[in-house]
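A.B. asks: A predicted structure for the sequence below; I have some questions about it.
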Amino acid sequence: MTARAEETVRDYYDALREGDPLEPYFLADDSTVKFGIGEALFGYDEVAEALREQTETTDDWAVESHRLVVDDRGPVATVADEVTMAWTDLESDERREFETRWSATLLLTDAEFGDADRAGLDDSASAGNDWLFASMHVSTADEL
């Protein structure tokens, strides 16, 4: 495990809490996927649009990691975690909370394994992240 991949995951959690843009954490590629509690998104454009909408329509995020495991395998890292998440839906003013399970794959986009151009990104789009999510799956055993 490198601190770098784990740092990206923790930075992502912080960005979620702070209402910062989340799409710079994802690989700009048609193969990028994100499965959320109530959604299945295919391709970077779909993922980025959904994340922008989520940021605009939610507030007051709480994200508490309980079992973060990051395994770095060179240019690829896998992630697993159990996360308590809560947020306020700005449209309904409803507070939502879930015990969730996360799994993800990150790709290293530094010069050793290929630069941001390999990931389909320019320097501004990747927000300086060396690791980018190629896939993310967030699920819950709770009934929606």
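C.D. replies: All right, it came through fine.
A.B. asks: count of residues packed around residue 64?
C.D. replies: 12 (other CB atoms under 10 Å). To be clear about C-beta, it is placed using only N, CA and C from the backbone, and glycine gets the same treatment.
A.B. asks: run the chain-centre distance for stretch 29-39.
C.D. replies: 10 Å (CA atoms, centre = their mean, to the nearest Å).
A.B. asks: please tell me I have it right and residue 26 contacts residue 33.
C.D. replies: No. Using CB atoms under 8 Å, residue 26 is not in contact with residue 33, being 9.6 Å away.
A.B. asks: between these two, which contacts overlap?
C.D. replies: Here residue 26 and residue 33 have 47, 134, 136 as joint contacts, going by CB atoms under 8 Å, 6 or more residues apart in numbering.
A.B. asks: doesn't residue 23 make contact with the first one?
C.D. replies: When you say that, I think you mean residue 47. Yes. With contact defined as CB under 8 Å, residue 47 reaches residue 23; the gap is 6.9 Å.
A.B. asks: neighbour count winner among those two?
C.D. replies: residue 47 (26 against 17).
A.B. asks: that's a strand at the more buried one, yeah?
C.D. replies: No. If the criterion is DSSP: H, G, I helix; E, B strand; the rest coil, then residue 47 is helix and not within a strand.
A.B. asks: okay, it: pLDDT?
C.D. replies: With respect to pLDDT, residue 47 scores 98.
A.B. asks: equivalent analysis for the one 4 residues further on, please.
C.D. replies: Residue 51 carries a pLDDT score of 97 in this model.
A.B. asks: that one is in contact with residue 22, isn't it?
C.D. replies: Yes. Applying CB under 8 Å, one finds residue 51 in contact with residue 22, separated by 4.3 Å.
A.B. asks: circling back: and residue 26 and residue 33? Which one has more around it.
C.D. replies: The neighbour count for residue 26 versus residue 33, taken as other CB under 10 Å, is higher for residue 26 (27 against 21).
A.B. asks: so what's that one up against?
C.D. replies: With CB under 8 Å, 6+ apart, residue 26 has these contacts: 32, 34, 44, 47, 48, 51, 132, 133, 134, 136.
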